[in-house]
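Chemist: Whatever this is, show me its structure:
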Amino acid sequence: MTGEAETQKKNFAQSLTGEINEESVFENAEFESAAKLNAENPVRAEFGLRLSAAMREFGPLCIGIDPHPYILKQWGYTCDAEGAELYSMRMIQASIGKVAAVKFQMPMYECYGSKGFEVLERTLYSARSNNLITIVDCMRGGFVSTLPSVSDTYLKNDSPLCADAITLTPFCGMSSLRGVIDVAMNNGRGVFIASITSNPDGINIQGAVCQQGEYAGHTVASGIVKAVQKLNEGLESMGSVGLVMGATVGKWIKNSDVDTSVFTGPVLSAGYGWQGATAQDLRDIFTGIYDRVLVTVSRSVTAHGPDINKLSDAICATRDEVVSVMHEA
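Modeler: Numbering: from 1, shown residues only. Got it, this is the predicted structure:
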């Protein structure tokens, strides 16, 4: 039995006996060994290095590939797996050589059943083949006993749905994510963990004050940022474990106890443009870390489709705008 399999077996047994407490977001988040692991295994830095290089070459823009029914209708495509594939391939074509990364909204493929997953598989392959960093926005979270399946699906080289990174939610406990994170890093991949999201009522949970544990007295969002930062310790480059942080949270981030300036991993930030975040919001939130922020946009670009030239022009214009803004941050 491999070391990884042995660890998964141990974690599964502990989850059944209740030895792992997943009721607290931070309880048992034993990340102190991350620096040692990172120093011993250079591949754990690979995702951060690749993403950083892509952002330097193409700018800090990520195109969200979200085959929403209203977009498919707007483009004259059918609201089914075929329409989703036509849309996705069009967006990839327009993005090649212009942006650092593309992000796939997994539920918008999942809704078409097995055909939808086949579309996601083919579009992921197309993006990888054209040297685009791929992120599957699946927002997975849960228990130690079930999350290894997520690793097998998206983070291993032999998986047909293999991506460079996925998004995770930590609200079943940071310790529950450790296995997924280690698989990602040990395979040269990364993860982005939700911290301060752009949905308006997210503050009700993320802004709550922790009542116990290491981060008692701090907000949940602050605790997440601190816990994730531990996973990047020992890496001289940009880390491979990132945060999901909305670009629309500027109104309360200064009072949330979150200090983005000390975070060394990448930040995936949605909300700019169509969702209401402005250039000033990006400056306020990400001052001093612009080189680590990957701004994701979708609807402000898809409004110009399906004409490939108009799509490409919109992507380039948005990229240049974000580059200008982030260099002022």
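Chemist: Who are the packing partners of whatever helix or strand Arg122 lives in?
Modeler: With elements taken from DSSP states H and E, the one containing Arg122 is helix 113-129. Here helix 113-129 touches helix 81-95, strand 101-105, helix 107-110, strand 133-140, going by 3 or more Cβ pairs under 8 Å, 6 or more residues apart in numbering; DSSP states H and E. Placement of C-beta: from N, CA and C, glycine included.
Chemist: Need the winner for burial among the ones you listed.
Modeler: When the helices and strands packed on helix 113-129 are scored by mean count of other Cβ atoms under 10 Å, the highest mean neighbour count falls to strand 101-105 (a mean of 25).
Chemist: tilt between the helix holding Arg122 and strand 101-105?
Modeler: 180 degrees (axes from the mean of the first three to the mean of the last three Cα atoms, to 10 degrees).
Chemist: start the count at 38, not 1, going forward
Modeler: Sure, I'll start counting at 38 from here, so that last one is helix 150-166.
Chemist: which residues are in contact with helix 150-166?
Modeler: 102, 117-118, 121-122, 125-126, 129, 139, 141, 143, 146-147, 149, 171, 173, 197-201 (Cβ atoms under 8 Å, 6 or more residues apart in numbering).
Chemist: and with 6 Å instead?
Modeler: Under the criterion Cβ atoms under 6 Å, 6 or more residues apart in numbering, residues Ala118, Ala121, Glu122, Ser125, Ile129, Val139, Tyr146, Glu147, Thr171, Pro197, Leu198 lie in contact with helix 150-166.
Chemist: Counting neighbours, what do you get for the last one?
Modeler: It refers to Leu198. 21 (other Cβ atoms under 10 Å).
Chemist: how far away is it from Cys175?
Modeler: Separation of Leu198 from Cys175 (Cβ to Cβ, to the nearest Å): 10 Å.
Chemist: helices and strands of this structure: which one bottoms out on pLDDT?
Modeler: helix 40-54 (a mean of 46; mean pLDDT, DSSP states H and E).
Chemist: related to what we said a few turns ago, could you give me the average pLDDT of the helix holding Arg159?
Modeler: When pLDDT is averaged along helix 150-166, the result is 98.
Chemist: Could you list the buried residues of it?
Modeler: Residues of helix 150-166 classed as buried by neighbour count (16 or more other Cβ atoms under 10 Å): Gly153, Phe154, Val156, Leu157, Thr160, Leu161, Ser163, Ala164.
Chemist: which of the residues you listed lies closest to Phe95?
Modeler: Ala164 (13.4 Å; Cβ to Cβ).
Chemist: Relative to Asn194, how far out is the closest residue to that closest one other than its chain neighbours?
Modeler: Spatial nearest neighbour of Ala164, excluding adjacent residues (Cβ to Cβ, 6 or more residues apart in numbering): Thr171 at 4.9 Å. Separation of Thr171 from Asn194 (Cβ to Cβ) stands at 13 Å.
Chemist: Just the buried positions in the top helix by length along the chain, please.
Modeler: Across the chain, the longest stretch assigned as helix under DSSP state H is helix 345-365. By 16+ other Cβ under 10 Å, the buried positions in helix 345-365 come out as Leu348, Ser349, Ala351, Ile352, Thr355, Arg356, Glu358, Val359, Val360, Val362, Met363.
Chemist: is it possible to export those to TSV including distance to Gly308 and pLDDT?
Modeler: Below are these laid out as TSV (distance: Cβ to Cβ, whole Å; pLDDT from 0 to 100):
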residue	distance to Gly308	pLDDT
Leu348	21	97
Ser349	23	97
Ala351	18	97
Ile352	18	97
Thr355	14	95
Arg356	17	95
Glu358	15	92
Val359	12	92
Val360	18	91
Val362	13	85
Met363	14	80
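Chemist: Those into JSON lines, with extra columns for distance to Asn78?
Modeler: JSON lines is the format used below for the buried residues of helix 345-365 (distance: Cβ to Cβ, whole Å):
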{"residue": "Leu348", "distance to Asn78": "40"}
{"residue": "Ser349", "distance to Asn78": "39"}
{"residue": "Ala351", "distance to Asn78": "40"}
{"residue": "Ile352", "distance to Asn78": "36"}
{"residue": "Thr355", "distance to Asn78": "37"}
{"residue": "Arg356", "distance to Asn78": "33"}
{"residue": "Glu358", "distance to Asn78": "38"}
{"residue": "Val359", "distance to Asn78": "33"}
{"residue": "Val360", "distance to Asn78": "33"}
{"residue": "Val362", "distance to Asn78": "36"}
{"residue": "Met363", "distance to Asn78": "31"}
